[in-house]
Structure formats: C-alpha cells, structure tokens
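Q: structure for the following, please:
(4 chains)
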Protein chains: 2
Amino acid sequence: MLSNNDVCILINDAIKRNETVVLACKCTVAYSGRAESYLEKGDRTIIIKGDHTLLVHQPFGNAAINYMKPDSSHQIFAEEKKILLKSSNTLQKEQMEIKIEKLYFFNSHKLEDGQTIVVTGTEEDMSRMLYENPHLIEEGFTPVSQEEQTKYGFIDVFGTDKNGNLIVVECKRYCAELSAVTQLRRYVEKIQESKGVKNVRGILAAPKITPNAEKMLTDWGYSFVAVQPPKYYEKFDKHQTNLSEFTAFGGSHGQIQ
Amino acid sequence: MLSNNDVCILINDAIKRNETVVLACKCTVAYSGRAESYLEKGDRTIIIKGDHTLLVHQPFGNAAINYMKPDSSHQIFAEEKKILLKSSNTLQKEQMEIKIEKLYFFNSHKLEDGQTIVVTGTEEDMSRMLYENPHLIEEGFTPVSQEEQTKYGFIDVFGTDKNGNLIVVECKRYCAELSAVTQLRRYVEKIQESKGVKNVRGILAAPKITPNAEKMLTDWGYSFVAVQPPKYYEKFDKHQTNLSEFTAFGGSHGQIQ
DNA sequence: GGGGAGAGATGCCGC
DNA sequence: GCGGCATTTCTCCCC
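A: Next comes the predicted model:
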C-alpha cells in the first residue's frame, strides 16, 4: 500500500520524464487566469500529458471542465490528509490548485505520437466541391477562385454568373445563421468597393438556413442555395504521403453526390 | 498477467456499470459521422465516461483528437493480436473504430460528480460591469437594459448618451475582430429600424481591437472604448447557494477596477 | 506572431 | 426543440 507521499514522488517523477499521467480522484479545482473558476468537491479524472497540458474531466460530458495549457508547471505534494496539485503557467499568468481528498487510481506511461489526423467533409471540402461542380450553385456559374484571401476575410468561392456578374459564395456545413449573412455581406461590400462594381451577387450555400437569417439574406438581395457538405474517404492528403488504406466500417463509402 | 480476453471482459463490465474507464495504448482511430477522419498508429489515452462519452487524447495538446458524444454504445473485444474498440451512436449516425495494438495500462472506477463550475470574468460579467459602471463607456451614458433579447441577436448593453441618443454597446473579452463590428452593425441597424430613429450610436467595448476591425468600425461611424474584462471572486452565484469560501492562491484578489 | 475563420466545434440560455 | 452566441474557446492557415 502506497502512502500519499510515495504516490506524489511517483507522479512527480513521471511528470519530469514527460510521461502521460492519469488519475481519478475526489477533488476541488480552483483556477485563475484569463477568467476565474471554482469547482466544488466531486469525482474527476485528471490527465497530465507529455507536453505538460493538464486536463480535468468530470465523469460526464465532452469537454474538459478545467485545463492548463501546454508547457505549464505541475507539482504534486502530500499534505496531512490531502494531496495538493499546483499548476502554473507564468507566461500565460495562469494558475490552478487541485485539492485531492481521495485518490481512486493513478497510472502513467511514456506515450509517443507523431501522427496528424486526416479529416474530410469540412467546409474546405465543401467549397472545393462547389468549385469543381459549379452547377450545384446555378447553371452558368463560373468559379474563378477558391478560398481567396481578402483584407476583409477570405472568400470560399468567387466567380461570375452567366451574365458576367460577380458572385461571392459563402459555405456553411450546418444550418446558416445570422452571422453567416453578415459575413457574406462583408465580402460582397468589400468586393463592390475594391472592384468598383455595384452588381455583386452574394450566395449562401448550406444545407439549411434559419428563418431570421433567410429574412436578412433576402432583405439584402442575396440568395440561398441548399447544398449538402461532401463526405467521402480520401486515401491520401496533402499532409501525409503514406496513409495506409482506410478500410474501417467495411470498405468503400459514398462519393461526392 | 491478464490476457487480452480478460482485459476486454473487465472493461466491458466496467462500461456496463457506468464506471469511468481510462486506458493508454498504441492504436489507430477511424471515425465516420458528421465528417470522416482517420488517425494513424500512435500512442493515445482513451477515456470512456459514466455517461458513455468517449474521448481519444494524443499525448499533447488541449483538445481531444476524436470523441463520441454521450450515450454512445461501446464494445471492446479481443482479436488474435489486437483489441478492437467499436463505438456507435445510432441517433447521431456516428461510429468509431479503434484498433488497439498495444495496451500500456487501463483502470476504471465509479465516479460521482454533481457539481457545477462557477466562472467569473465572462463577457456577461463584463456587460454587467458596464451596466453598473456606465462612466467606463463615457460620461453621461445611461444604461437602460443589459443582455436585451432582440430578433436579430441580443444586445450586451443598451442605453442613451447625455444628448439622448440611443447607444448600443457590444462587449468582447478579447481583441475585437471584424465579426464583432458586423455584429454591432446588425444591432444598430435593427434598432434604427425598429425604433424609427437614425441617430443610433454603436460602441465596441473590448481590451483591444484589430486594425482592420478599427477601420471598419470608424468607416461605419461607430467607436471603440478600451475596457478590461473584470476578474474577481464571487462567494455566491445564482447556481449555487452554498459555495464554500474560495481561498485558493492565498485569499482576496482584485476587484472590479 | 497577429489576424481571420472553421470546428465532427461544445455548451448555455431564452423563446 | 430551435436560435443565437460566448467559449479560460482551440486549431489551422496565411500574411
């Protein structure tokens, strides 16, 4: 049976070796930095990663309830009846204090991982799909650029309609909201200004749009086009040249519709 | 020494009992749902929570690299040389497959936590500070409402200046960007429309503003006020009536400046 | 390093 | 449930 002191020595050593440390405990969490927070006594899982990120997870929900960014300093030490975990990030002027009343388990191991995730079905994939399949916007749409940088933001797809009018397309993967309309409006106005032309059309491409957003869109003379975001597997991508075949879930799946 | 089969039985049982399960392993992760993703072989920490949330963490960085939402189904079983963890969420039409090549450690425990975090220094605190200290905006500013709901969004602080002009204040905790300006503009125009008055002033209150945002702001005749977000400790808040005294980091701290 | 914007965003609150 | 929006947002890309 390990004493609190033994546990603290083991954990401190694991942190020094940049291992990933996991512990489950009953604790309170106090944080001060960009904001202030306090979390009353309850059971949580704490992870300290090799890059000295610290995460506190409640036993439910997706997101960490408290955290410290990479390159924080952590020290864990035994008090009379408790274990104290103090973290600080002097650069970010943040600190955290975790008072551990009961330790349920802990473990640590050196973890190595140099991989980058490959994701498809993003907004960028969607704008590429529209660039390569302009008829999804409308007949006669001719794309000129994709993901074009401007001073006032970057435009997903930019082109002309069959009458030669400029078109700005803003994509959203989900239901488009008010902010998507103001974003589109910002681009359209910037193009009008920089190109010195009045007749610039704005098109919002998304699977859905909220009623308010649609009203604002039509009030401003823009239009909505219903488009589903693409989902498909890519065998290779620009970040990795040797991605092994991806056969999970039983092989080939849907292509761009 | 436990066999892969034994391990799988233990973990499946722990999941059934709604315990929190933590394991460290070398694995690949494939996900399909709202998007598709694949993560090549590397060392990760996997957490399955009591509400059947699943998280995959690389040994660095803040955010989970893959996850399954609460109420997913998980099954872990032994193959010849590997352990397979399959998760699915039929409601969300999502699935995940984790192929575990090497298991470094695993642990599980029943964790109970009914606490809610108390955070101060949020944007809402900032707008309350301005509502209660209107001179921080300008002399003669008289707030009328805070966090007012409108069709086109909700206005942080709303009031009048010393000449009786309406003022819309939008707060940002951080450096204000272009989107903050378009947000402000949306509210101002909506107020102009609904109240039938032209002279509505827009004020952006934030600690900083980007050059582009400032240009757009002045182009539109709005103005910027530098305000720091408040940071202070509250002994009580609306969510918890019996928050124990918060004495971490050595007692009392800064008040609203 | 700053600016801008997406995210498998998540989570909260209000209607 | 949807809508709107903040988040200790985080993360990435590009200038």
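Q: next one: A:Arg186 from DNA strand C, what distance?
A: Separation of A:Arg186 from DNA strand C (C-beta to the nearest atom of the strand, to the nearest Å): 7 Å. All C-beta spots, glycine's among them, are computed from the backbone N, C-alpha and C.
Q: now that residue: which helix or strand?
A: Assigned by DSSP states H and E, A:Arg186 belongs to helix A:178-195.
Q: skipping its backbone neighbours, what lies nearest A:Leu2 in space?
A: Spatial nearest neighbour of A:Leu2, chain neighbours left out: A:Leu10 (7.5 Å); criterion: C-beta to C-beta, 6 or more residues apart in numbering or on different chains.
Q: you'd agree that neighbour is in a strand?
A: No - per DSSP: H, G, I helix; E, B strand; the rest coil, A:Leu10 lies outside any strand segment and is helix.
Q: check which element follows the helix holding A:Arg186 along the chain.
A: strand A:200-206.
Q: now do the contacts for the closest residue to A:Trp220 other than its chain neighbours.
A: Nearest residue to A:Trp220, sequence neighbours excluded (C-beta to C-beta, 6+ apart): A:Arg185, at 5.9 Å. Neighbour list for A:Arg185: A:202, A:220, A:222, B:182 [criterion: C-beta atoms under 8 Å, 6 or more residues apart in numbering or on different chains].
Q: mind checking how far the helix holding A:Arg186 is from the chain centre?
A: 25 Å (C-alpha atoms, centre = their mean, to the nearest Å).
Q: buried residues in it?
A: For helix A:178-195, the neighbour count (16 or more other C-beta atoms under 10 Å in any protein chain shown) marks A:178, A:180-191 as buried.
Q: partner strands of the helix or strand of chain A with the lowest mean pLDDT, parallel or antiparallel?
A: None of the helices or strands of chain A scores lower by mean pLDDT, DSSP states H and E than strand A:142-150, at a mean of 87. Sheet pairing of strand A:142-150 (DSSP bridges) gives strand A:153-160 (antiparallel).
Q: check whether the following helix or strand past the strand it pairs with comes near chain B.
A: As assigned by DSSP H and E, the chain's next helix or strand after strand A:153-160 is strand A:166-171. No - using C-beta under 8 Å from any C-beta of the partner chain, we find that strand A:166-171 stays clear of chain B, coming within 12.6 Å at best.
Q: quick one: strand A:166-171 to helix A:178-195, angle?
A: 150 degrees (axes from the mean of the first three to the mean of the last three C-alpha atoms, to 10 degrees).
Q: give me the contact list for strand A:166-171.
A: With C-beta under 8 Å, 6+ apart as the criterion, strand A:166-171 contacts A:123, A:126-127, A:130, A:137, A:141, A:155-161, A:180, A:183-184, A:187-188, A:191, A:195, A:197, A:199-206, A:227, A:229.
Q: quick one, which of these are buried?
A: For the contacts of strand A:166-171, buried by 16+ other C-beta under 10 Å: A:123, A:126-127, A:130, A:137, A:141, A:155-159, A:161, A:180, A:183-184, A:187-188, A:191, A:200-206, A:227, A:229.
Q: which residues in chain A form strands?
A: A:20-32, A:36-48, A:54-57, A:66-68, A:73-78, A:83-89, A:94-109, A:118-120, A:142-150, A:153-160, A:166-171, A:200-206, A:223-226 (DSSP state E).
Q: any residue of the fourth one up close to DNA strand D?
A: Right, the one you point to is strand A:66-68. Yes - Strand A:66-68 is in contact with DNA strand D by C-beta under 7 Å from any atom of the strand, via A:66-68.
Q: determine how far that strand lies from the middle of the whole chain.
A: 16 Å.
Q: and for it, what are the contacting residues?
A: Contacts for strand A:66-68 (C-beta under 8 Å, 6+ apart): A:29, A:31, A:37, A:39, A:52-56, A:74, A:87-89, A:94, A:96, B:62, B:117.
Q: at 10 Å what do you get?
A: A:29-31, A:33, A:37-39, A:44, A:46-48, A:52-58, A:74, A:87-89, A:92, A:94-96, A:98, B:62-63, B:117, B:119 (C-beta atoms under 10 Å, 6 or more residues apart in numbering or on different chains).
Q: mean confidence score for that strand?
A: Average pLDDT, strand A:66-68: 98.
Q: so what strands line up beside that strand?
A: Strand A:66-68 has these strand partners (DSSP bridges): strand A:54-57 (antiparallel).
Q: buried residues in the partner strand?
A: Of the residues in strand A:54-57, those buried (16+ other C-beta under 10 Å) are A:54-57.
Q: what about it, near DNA strand C?
A: No - against DNA strand C, strand A:54-57 shows no contacts by C-beta under 7 Å from any atom of the strand, the least distance being 9.9 Å.
Q: same deal with stretch A:85-93?
A: No - using C-beta under 7 Å from any atom of the strand, stretch A:85-93 stays clear of DNA strand C, with a minimum separation of 9.3 Å.
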